[in-house]
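Novice: Okay, sequence plus prediction incoming.
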Amino acid sequence: MQDRRSFLRLASAVGAAVVAALAGIPALRAFVSPAFRRKTAEKWIKLGDVSNFETGVPVKVDFVDTESDAWVETRVLRNVWLYTEDGENFTVYSGRCTHLGCSYGFDQESGKFVCPCHDGEFDLKTGKVLGGPPPRPLDKLNVKIDDGILYAAFRNFRLGIPDQVAV
Amino acid sequence: MGKLFRWLDERLDLKSLKAGLLDRAVPDRLTWWHTLGSATLAVFVVQLVTGIVLATYYSPSPDHAYDSIQYLQREVASGSLLRGIHRWGSSAMFILILAHLIRVFSMGAYKYPREVNWLIGVGLFAIVLGFSFTGYLLPWDQKAYWATAVGTNIAGTTPGVGGRMVALLRGGSELGAATLTRFYAFHVLWLPVSLAALVGLHLALVVRQGIAPMPGLLDNFKAPQRTDDERYAGFYQETYTAAKSGQHRFWPDVMGKDAIVAAGAVVVIVILGAVFGAALEPPADPTDTSYIPKPEWYFLPLYQLLKLVPGSMEALVAVGIPTALILALVGLPFFDRNSTRSLVRRPMALVSLTLILGGSGFLLGSAMREAGPEVPPEVGRPLTSKERAGRALFQSQQCGGCHKVRGEGGDNGPDLTAVGLRKSSGWMHSFIESPSRFHGADTRMPAYGPPALSHQEIEEIAQYLSSLRGGVGPEIQPEFHDTFP
């Protein structure tokens, strides 16, 4: 009788553990998965013919992105800032201020990028922070030139932190 | 561990809780059939846990329901598995609760003094049916939409209140957004709360009244003929006390067996969920009246029966029979006051059980042998109306003369068995219209643009081709290699 009882006690513990694990593990995995989501891929956007861009003058290029909000797809207007000194080497910055994501502009007088939200300032040539609250320099995007056309790899980065972390 | 127990016990008197619940004596000779109730409860807990996470990723609106489920299956870790467990768990719930009902019926355990608990059990059964009916609609695919349309139409044939019943179920005159949110609220709020409350009561009564003793122990020469005989209560009390020789305790003698069977049931459900998953047909198309829905398997016997009766009797059968069954279950403890418990000594009970189970089984078998919506082997799921038109055109235009699909067809052109994984339907549409644009003037593919085929017809063919993804196995994500000249 005691052996039977001990077996049943053990079987109950094992049974409960099996049920908890088999149902609980997939449920937990699915529930926490957004915290471990793999990074979205880079998206190459066409900026234009290389010969079209003036040297020494920063240019804002707008483009329409398709954003997936879980299962809802929406179209979103985004922009990047493009700068070249020699017409061959290009620097492309993400158009989102690294502080809180506002679209910044270029101030002709001071020759700096200035963000209207909290007066953040960035250097044109390097993207370094010259003033205001932004925690890190402007995010530079990868560029490539294919058949005389300039492309940039757009991606989103986490805002408000000193490290550049792709989302 | 012992320290923790002592700390809690000092404050909450866990010892008397343990004595009252776990250490109580149970009747002798309980069988493995007695584990069915707790197995049902265990599966319900699994449904609750998987359901909560599914609800975290589901959007109950016709615009987004289907997409949210595809997102869950493709983008969420263990998403497909969760859906599979929930789907197979719902079938298991029905089987287990029915088996539990049959066991209780067969042992006459619904008789004195457990009539109230039997009624609660019938209520629980109805709630489980409600769960399946409401859950079925949520994917908002063809099967979900059309099966619910038919089901709510059947409710509408109820004489007198039919019209109002349909409007109440649908949240309006037609099946739509209001229906989906209504069914979702039932499935996720109303029904779980009701089930939890009734299960709590059900268990409380089992603890209070004890587990019913085996029929043989109560069917002895001393038993009065009827349970409403004034001597019956005294006889029952005496016999019940004697039935508990004190050798068996709830824990671990009963709970141990419960745990083994419950775990076994869950293992089976998870394996089935992992291997077969949950199907998802094309999105609901309210304009496609040619789709033939089939309800979930436990409603199939009734569905089959409806085919055998003339139209005038439809309401009687479709609404009357389920109503009569529920009323019979509810009334059972009241019109059966005979004190005999053992099934073999209750001819009426034995015959009714055999007829109902046997009849349902026969109807279920014949329903399953019949065709449902057509599932072309090269696609592996029912087609949308556009895809069906495209398939007919593929055949009438004899595309198979040059192209193989699943081993059948010619060799002049590429094999199209899984073309839907390589090319988007947009690309295929452009290509079919003007192949020379893509492959140059010497292409062997004829141009099928107007006037040969209209744009609509080419689109239908392209949709059909897009559905060709090998036809077997789990859903594979397409990787399009489209290039447009």
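Specialist: Yes, it's here.
Novice: any idea which element residue 91 lies in?
Specialist: Reading this off chain A. A:Thr91 belongs to strand A:90-94 when elements are defined using DSSP states H and E.
Novice: ah, I was thinking of chain B
Specialist: Here B:Ser91 is assigned to helix B:79-106, by DSSP H and E.
Novice: what mean pLDDT does the helix or strand following that helix have?
Specialist: Scanning forward in sequence from helix B:79-106 by DSSP H and E, the next helix or strand is helix B:115-137. If you average the pLDDT over helix B:115-137, you get 96.
Novice: ok, so what distance separates B:Arg114 from B:Gly246?
Specialist: The gap separating B:Arg114 from B:Gly246 is 22 Å, by CB to CB, to the nearest Å. Glycine gets a C-beta too; all of them are placed from N, C-alpha and C.
Novice: ok so, going back, return the set of buried residues in the following helix or strand past the strand holding A:Thr91.
Specialist: Moving toward the C-terminus from strand A:90-94, the first helix or strand encountered (DSSP H and E) is strand A:105-107. Neighbour-count burial for strand A:105-107 flags A:Phe106 (criterion: 16 or more other CB atoms under 10 Å in any protein chain shown).
Novice: Tell me which strands strand A:105-107 pairs with, and in which orientation.
Specialist: Paired with strand A:105-107 in the same sheet, following DSSP bridges, are strand A:112-114 (antiparallel).
Novice: Could you list every helix and strand in contact with the helix or strand just after the strand it pairs with?
Specialist: Scanning forward in sequence from strand A:112-114 by DSSP H and E, the next helix or strand is strand A:121-123. Applying 3 or more CB pairs under 8 Å, 6 or more residues apart in numbering or on different chains; DSSP states H and E, one finds that strand A:121-123 contacts strand A:112-114, strand A:129-131.
Novice: Spatially nearest residue to the single nearest residue of chain A relative to chain B (excluding sequence neighbours)?
Specialist: Residue of chain A nearest chain B, by CB to the nearest CB: A:Leu8 (2.6 Å). With CB to CB, 6 or more residues apart in numbering or on different chains as the criterion, A:Leu8 has its nearest non-adjacent residue at 2.6 Å, and that residue is B:Gly256.
Novice: Quick one: the strands in chain A, in order.
Specialist: A:43-49, A:59-69, A:72-84, A:90-94, A:105-107, A:112-114, A:121-123, A:129-131, A:140-146, A:149-154 (DSSP state E).
Novice: could you dump those strands to CSV with mean pLDDT?
Specialist: Shown next, in CSV, are the strands of chain A (pLDDT from 0 to 100):
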stretch, mean pLDDT
strand A:43-49, 86
strand A:59-69, 86
strand A:72-84, 90
strand A:90-94, 94
strand A:105-107, 94
strand A:112-114, 95
strand A:121-123, 95
strand A:129-131, 94
strand A:140-146, 92
strand A:149-154, 90
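Novice: Of these, give the one that comes closest to B:Gln397.
Specialist: Counting by CB to CB, B:Gln397 lies closest to strand A:72-84 out of the strands of chain A; the figure is 33.8 Å.
Novice: Check which residues of the closest one are buried.
Specialist: A:Arg78, A:Asn79, A:Val80, A:Trp81, A:Leu82, A:Tyr83, A:Thr84.
Novice: what bridges to the fifth one?
Specialist: Right, the one you point to is A:Leu82. Counting by DSSP bridges, the residues bridging with A:Leu82 are A:Val59, A:Val92.
Novice: quick one, phi/psi of B:Val193?
Specialist: The phi/psi pair for B:Val193 (degrees, to the nearest 10) reads phi -60, psi -50.
Novice: Next, count neighbours for it.
Specialist: A count of nearby residues for B:Val193, using other CB atoms under 10 Å in any protein chain shown, gives 10.
Novice: Any idea which residue of chain B lies closest to chain A?
Specialist: For chain B, CB to the nearest CB, closest residue to chain A: B:Gly256, 2.6 Å.
Novice: Tell me which helix or strand that residue sits in.
Specialist: helix B:255-276.
Novice: just the CA coordinates of the helix or strand just after that helix, formatted as PDB?
Specialist: Note on helix B:255-276: by DSSP H and E, the next helix or strand toward the C-terminus is helix B:300-308. C-alpha atoms of helix B:300-308 as PDB (Å, rounded to 0.1, in the frame of the first residue of the first chain):
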ATOM      1  CA  LEU B 300     -21.800  16.600 -37.500                       C
ATOM      2  CA  PRO B 301     -24.400  13.900 -36.300                       C
ATOM      3  CA  LEU B 302     -27.100  16.600 -36.200                       C
ATOM      4  CA  TYR B 303     -25.900  18.100 -39.500                       C
ATOM      5  CA  GLN B 304     -26.100  14.700 -41.100                       C
ATOM      6  CA  LEU B 305     -29.600  14.000 -39.600                       C
ATOM      7  CA  LEU B 306     -30.900  17.200 -41.200                       C
ATOM      8  CA  LYS B 307     -30.100  15.800 -44.600                       C
ATOM      9  CA  LEU B 308     -32.300  12.800 -44.000                       C
END
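Novice: How far off centre is helix B:300-308?
Specialist: Remark: helix B:300-308 is offset 18 Å from the chain centroid, using CA atoms, centre = their mean, to the nearest Å.
Novice: Report how many residues lie close to the residue nearest to A:Leu8.
Specialist: When neighbours are counted by other CB under 10 Å, B:Gly256 comes out with 22.
Novice: For it, which residues are in contact?
Specialist: A:Arg5, A:Phe7, A:Leu8, A:Arg9, A:Ala11, A:Ser12 (CB atoms under 8 Å, 6 or more residues apart in numbering or on different chains).
Novice: Please repeat the previous calculation with a cut-off of 6 Å.
Specialist: A:Leu8, A:Ala11, A:Ser12 (CB atoms under 6 Å, 6 or more residues apart in numbering or on different chains).
Novice: Contacts for the helix or strand hosting B:Arg182, please.
Specialist: Per DSSP H and E, B:Arg182 falls inside helix B:177-185. Contacts with helix B:177-185, where a contact means CB under 6 Å, 6+ apart, come from B:Pro60, B:Pro62, B:Thr134, B:Leu137, B:Arg170, B:Gly171, B:Gly172.
Novice: Show the average pLDDT along it.
Specialist: 97.
Novice: what sits up against the worst-scoring helix or strand of chain B on mean pLDDT?
Specialist: Least confident helix or strand of chain B, by mean pLDDT, DSSP states H and E, is helix B:314-315 with a mean of 82. Contact with helix B:314-315 is made by B:Thr157, as judged by CB under 6 Å, 6+ apart.
Novice: which of the residues in the following helix or strand past that helix are buried?
Specialist: Remark: after helix B:314-315, the chain's next helix or strand is helix B:321-335, criterion DSSP H and E. By neighbour count with 16+ other CB under 10 Å, helix B:321-335 contains the buried residues B:Leu329, B:Leu332, B:Pro333.
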